[in-house]
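Peer 1: sequence first, then the predicted structure:
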Amino acid sequence: MEKKRSRIRREALCPPIGALLRYQARIVRVVAEARGQRAMIESLDTTGRTFVSTVKWNSLRELGAQLF
């Protein structure tokens, strides 16, 4: 009888609500958790208006040592 190998999955962690993170070249704030390992983020567009979008958790990075 063959044994099936079990896969060890790392559970992805949702960033905390209100956290400042980096998404591509922008600094964003996490507004809420969405479905399918996604988070709703709030950022500013080029005209200075606030807009909300949904991105995958894997796309969000920590700010690091320097904010600006």
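Peer 2: Yep, that arrived.
Peer 1: what residues does the longest strand anywhere in the chain touch?
Peer 2: Secondary structure of the chain per DSSP state E: the longest strand is strand 26-34. Residues external to strand 26-34 that are found in contact with it (Cβ atoms under 8 Å, 6 or more residues apart in numbering): 14-22, 39-44, 52, 54, 60, 63, 67. Placement of C-beta: from N, CA and C, glycine included.
Peer 1: if we go to 10 Å?
Peer 2: For strand 26-34, the surrounding residues in contact (Cβ atoms under 10 Å, 6 or more residues apart in numbering) are 14-23, 38-45, 50, 52-57, 60, 63, 67-68.
Peer 1: give the buried subset of those residues as a ChimeraX selection command.
Peer 2: Here is the ChimeraX command that selects only those of these that count as buried (16 or more other Cβ atoms under 10 Å):
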select :15,21,23,38,39,40,41,43,55,57,60
